[in-house]
Structures are given as C-alpha cells and as structure tokens.
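> need a structure here:
(chains A and B)
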Amino acid sequence: GENVEQHPSTLSVQEGDSAVIKCTYSDSASNYFPWYKQELGKGPQLIIDIRSNVGEKKDQRIAVTLNKTAKHFSLHITETQPEDSAVYFCAARFQAGTALIFGKGTTLSVSS
Amino acid sequence: NAGVTQTPKFQVLKTGQSMTLQCAQDMNHNSMYWYRQDPGMGLRLIYYSASEGTTDKGEVPNGYNVSRLNKREFSLRLESAAPSQTSVYFCASSDLNYGYTFGSGTRLTVV
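Numbers count the residues shown, from 1 in each chain, chains lettered A, B, ... in the order given. Model (predicted):
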C-alpha cells in the first residue's frame, strides 16, 4: 500500500547549523507533499508544501526539494534556532481527493 | 478565527465505555479527517470525509465510527473503548487537495 518513510527519527544540531530531513514515498502518482511542525502539546502546523510540478520551494530559512524520479523529498532548515526544536512530519497525497499519508516524524533538537 | 476546535481536550474512560469526540471547523473546508498519534507511529488515518455526506475508512478504522453531521462538524465515536485506543486524537480540515489545519487534539486514556 501507499507508504511514506522518514529519516532520521531524531536529529540534534547546534544553533546556527543546518538540518535536513528526508522522506521517500511509494507511489509515483503522488502530487502533493506538505511538511508539518508539531510543538509539545499542540497540533501539527503546516510550514511549507510543494506540488509535483515544482522542484524546489523556499520560505525564509526553510526549503523543500522534490526529486520525482527518485521519489523523495527533503526539508532543509538553515541557521537553526532553539525555537526550531519540535517534531517534524512529512506527508504525501497519493491520489487527488484522498487523505494525506504521514511519515513517522523526526524529533529535531537545536542546542544553543 | 477559531480554525478547528476539538472537545474534550482530555478524557479518561474505563474499558467498555463509549464516548464521542467532537470536531468543528469554521473555515468552510469541504474535507475533514480524524488521525490518531501514538509514540513512534506518527499520524495514522482513522476516517475521513472528502465532502459533506461522504465518509471513508483510513488505515486504522476498527473500533471507531464517524458522522459528518454537516459541513462544519465531524465526530468520532468509540462504541466500546479498549486500552489499545489510548492515544492522542487529532481532527483536521482542508479544501480538497490542499494542506490541513489541525485541531489541538484530544488526549484519551482508556483504563
């Protein structure tokens, strides 16, 4: 069935370093790939998304890249700050009109 | 603008009890979803409603039922709670083929 794999499960970086989280998906027909940030005790919040007709998208310190041939997409956070510490989830929509399938999450810790 | 509102925020049930988790959105979204979040398992889809009047099973529907009451409201019912249903439950809404807005979650413990 449809699947999204996310790596690593935990990531620790120093403040100011970059962080990269990678996801792979199983269905080449997938067309929408969002990323969510979840802070402790809260619901996930959409931080950036990309569609299958775009290779890269940036929003200030965060960027997402998509490689359709390899069926993987990545989240890049530059100049990390302590407030970036959270759980990050990738997701994919495999068919129009269906629900998102989520990866298992990455716990990012940024130490100052 | 409240977004997605879930009630209750916390609940403790005894095995075999029933309860309904409520979810309402004020963004005029067509689609609504219920997920459960367990440690190390990510977010798993229980049921979703692509539009008012339709519901579909997700990855883990057993032990649950849903009702899309109207465009705003989508409830999740546990008919006979089991300890395996101890989890954090999230409701979300979206326009079709766009990203979700999540509620703040319901933390359910079944003892």
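> per-residue confidence for residue A:70?
Among the per-residue scores, residue A:70 holds a pLDDT of 94.
> Same check on residue B:1?
pLDDT at residue B:1 comes out at 64.
> now swap in the one 4 residues further on and tell me
On pLDDT, residue B:5 comes in at 97.
> Let me know the secondary structure of it.
Assigned by DSSP: H, G, I helix; E, B strand; the rest coil, the conformation of residue B:5 is strand.
> do residue A:104 as well
When classified by three-state DSSP, residue A:104 comes out as coil.
> Please tell me how far it sits from residue A:46.
18 Å (Cβ to Cβ, to the nearest Å). (C-beta placed from N, C-alpha, C; glycine too.)
> give the contact list for the residue most central in space within chain B.
Centrality entry for chain B: nearest residue to the mean C-alpha point is residue B:34, 3.2 Å, by Cα atoms, centre = their mean. Contacts here follow Cβ atoms under 8 Å, 6 or more residues apart in numbering or on different chains; on that basis residue B:34 touches B:21, B:23, B:45-48, B:58, B:64, B:66, B:74, B:76, B:89-91.
> Most neighbours among those residues, which one is it?
Neighbour tally across the contacts of residue B:34 (other Cβ atoms under 10 Å in any protein chain shown): the maximum, 30 neighbours, falls on residue B:91.
> Now it. Nearest residue, chain neighbours left out?
Spatial nearest neighbour of residue B:91, chain neighbours left out: residue B:23 (3.4 Å); criterion: Cβ to Cβ, 6 or more residues apart in numbering or on different chains.
> Tell me if I'm right that residue B:3 and residue B:100 touch.
No - at 10.8 Å, residue B:3 does not count as touching residue B:100 under the criterion of Cβ atoms under 8 Å.
> Which of the two has more residues huddled nearby?
The neighbour comparison of residue B:3 against residue B:100 (other Cβ under 10 Å) goes to residue B:100, with 27 against 14.
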